[in-house]
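Visitor: Could you work out the structure for the sequence below:
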Amino acid sequence: MAARKTSDVFVDCLEAEGVRYVFGIPGEETLDLNESLDRSSIEFVAVRHEQGGAYMADMYGRLTGSPGVCLGTLGPGATNLVTGVADAYLDHAPLVALTGQSDLERMHKESHQFIDTVSLFRPITKWNARLQSPAIVPEAVRKAFRVARAQKPGPTHLELPEDVMEAPLDAVPLPVRHDIRRPMPSQAELEHAAELIREAESPIVLAGNGLVRVGASRALREFARVTGIPVAETFMGKGLLDYEDEHFVGTVGLQSRDYALAGFEDADVVITVGYDLVEHAPSNWNPNRDKTIVCVDSVPSEVDEHFITEIDLVGDLYHILSRLTEELRLAPHRPRGSRLDDIVLGRFEAAKDDDAFPLQPPRALWEIRKALGREDMLISDVGLHKLWIARMFPAHEPNTVMIANGLAGMGIAVPTAIAAKLVHPERKVVTVNGDGGFLMNFQELETARRLGTATVNIVWENREFGSIVWKQDRKFGRHFGVDFTNPDFVALGESFGLPSWRCESIDDFSEHLDRALGLDVPSLIVLPIDYSLDVTISEELGTETVAT
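Guide: Purely as a prediction, here's the structure:
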């Protein structure tokens, strides 16, 4: 029997962690690793740009709770991963990034393609390390996955020197345990929090991405049903409550006035549950720092002058919400309506009668919602369309409207949709892209075609960076440096082997969308869009605050 290489043991460790896919591009310095992967149960998904691979790993982690894995070689391969890894860092998605590296013996001097990637990745990972010895591989891999999973989850990074990977090693993976122990609040803390909520005249819940991560939507729905307390969701918390639930008061995060219209202005107690401050600063809903805040989260709260908590309930979110529900069962509040929800959903409902072409965003979203089922997925790229989707697109279930709101990098939708389809092949997966962001990772259409991931990619075309046009017009009364021309997107899609259509009418869009959703291959739809309708919809909703 041939001697085992370190790369063989490394891949054994990945298999022990349950890794199904590694997304990336092979390099000279990862020859041994890729050869070991080729002899394993893990599918290596060759992508067309490392950023796309990192985004795929990011989405895989968001949807499964298990770290997605991406691979780049040294130098430019590693630097190309950075944006996707940083996105996972700010959106708290579990991810393990792997990068090749030169031999150890040339790291002390100026050398071809060598940069200190461990230092490069340090600010955007929870932990990262260089594997300087074959002997540490089982420990390092176990730690990388354990840290990536732990609350709050996020990316880790391992650098793999070429000579270390090809060295002989006789070792086995460490035992893998996925039952991460989380602390629980004491009974006294639970009773104190319940008393604050019970005595409140107008409490409200702000539900965020943390609840989605741990799968605690059912506990939140039961809490709202029993207590009657209204629930507002962040962009990344969409679907935690069905938008038709009487306790749902809207999706907040576009502008500070959203919170007032959703009920925060009148609230005396705000219960934040799984709320990440990166989603939208607390100064927007607690500008006067006069709210009593009950924080329910998996880790102690972040420090912010507008987020001074009265009590922190730290631990398993499902368990804490269930306990609070029992404590408050005999003192329910009366559900109340939301002016925010009335305005936004009213405009959405009215969109079905808008016959203008090019389509305005509400009508386009109406057609998409009509075509998708409760569990189907809409993935938004970043730009002005993201604000429309976050504000207006109704969600029935969590993880069905996917929005990046931490780093919020353009070009995320096409690659992340591929990972979403790999995780949920039974669901329809649609992306909405601006014509600016679409070209940043459109090369992954080839990956989608090769894998047979039947995603429907819709490009809203207006030949401008729409969100910047909007902001410049509002601030300066004019816009500049934002116009561009486009290729023939239909011809571009067809060159990748994708069925592709351009819409010339409203009827075209609904027909092309229905046809595309019935295919078993990826497709492309180009939709001219009219952004003349302000995303704020109504002057009553105030001034936007979120970065796009």
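Visitor: what are the C-alpha coordinates of the helix or strand harbouring residue 189, in PDB please?
Guide: Using DSSP states H and E, residue 189 maps to helix 187-199. Only the C-alpha atoms of helix 187-199 are listed here, as PDB (Å, rounded to 0.1, in the frame of the first residue of the first chain):
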ATOM      1  CA  GLN A 187     -34.900  31.200  36.200                       C
ATOM      2  CA  ALA A 188     -34.400  34.500  38.000                       C
ATOM      3  CA  GLU A 189     -33.300  36.200  34.700                       C
ATOM      4  CA  LEU A 190     -36.300  34.700  32.800                       C
ATOM      5  CA  GLU A 191     -38.700  35.900  35.500                       C
ATOM      6  CA  HIS A 192     -37.200  39.400  35.500                       C
ATOM      7  CA  ALA A 193     -37.500  39.600  31.700                       C
ATOM      8  CA  ALA A 194     -41.100  38.300  31.800                       C
ATOM      9  CA  GLU A 195     -42.000  40.900  34.400                       C
ATOM     10  CA  LEU A 196     -40.600  43.800  32.300                       C
ATOM     11  CA  ILE A 197     -42.600  42.500  29.300                       C
ATOM     12  CA  ARG A 198     -45.700  41.900  31.400                       C
ATOM     13  CA  GLU A 199     -45.700  45.400  32.800                       C
END
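Visitor: Now find how far off-centre that helix is within its chain.
Guide: Centroid separation for helix 187-199 versus its chain: 32 Å, with CA atoms, centre = their mean, to the nearest Å.
Visitor: Check which residues of that helix are buried.
Guide: Under the neighbour-count criterion of 16 or more other CB atoms under 10 Å, helix 187-199 has 189-190, 192-194, 196-198 buried. (Glycine included, C-beta is placed from N, CA and C.)
Visitor: Quick check: residue 444 vs residue 231, distance?
Guide: 36 Å (CB to CB, to the nearest Å).
Visitor: So between those two, which is more surrounded?
Guide: Between residue 444 and residue 231, residue 444 has the larger neighbour count (other CB atoms under 10 Å), namely 30 against 24.
Visitor: Show me where the stretch 101-250 of the chain dips below the pLDDT cut-off.
Guide: 180-182 (pLDDT under 70).
Visitor: what about the strands in it?
Guide: Counting by DSSP state E, counting those that start in this stretch, the stretch 101-250 of the chain has strands at residues 127-130, 155-161, 203-207, 231-233, 248-251.
Visitor: could you dump the ones you listed to TSV with distance to residue 324?
Guide: TSV is the format used below for these (distance: least, CB to CB, whole Å):
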stretch	distance to residue 324
strand 127-130	33
strand 155-161	32
strand 203-207	10
strand 231-233	13
strand 248-251	19
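Visitor: Which among these is found nearest to residue 304?
Guide: In terms of CB to CB, the element of the strands of the stretch 101-250 of the chain nearest to residue 304 is strand 203-207, at 13.7 Å.
Visitor: What is the burial count for residue 73?
Guide: If we define neighbours as other CB under 10 Å, then residue 73 has 27 of them.
Visitor: so what's it closest to, chain neighbours aside?
Guide: Leaving aside its sequence neighbours, residue 73 sits nearest to residue 27 (CB to CB, 6 or more residues apart in numbering; 2.4 Å).
Visitor: I appreciate the help and will end here.
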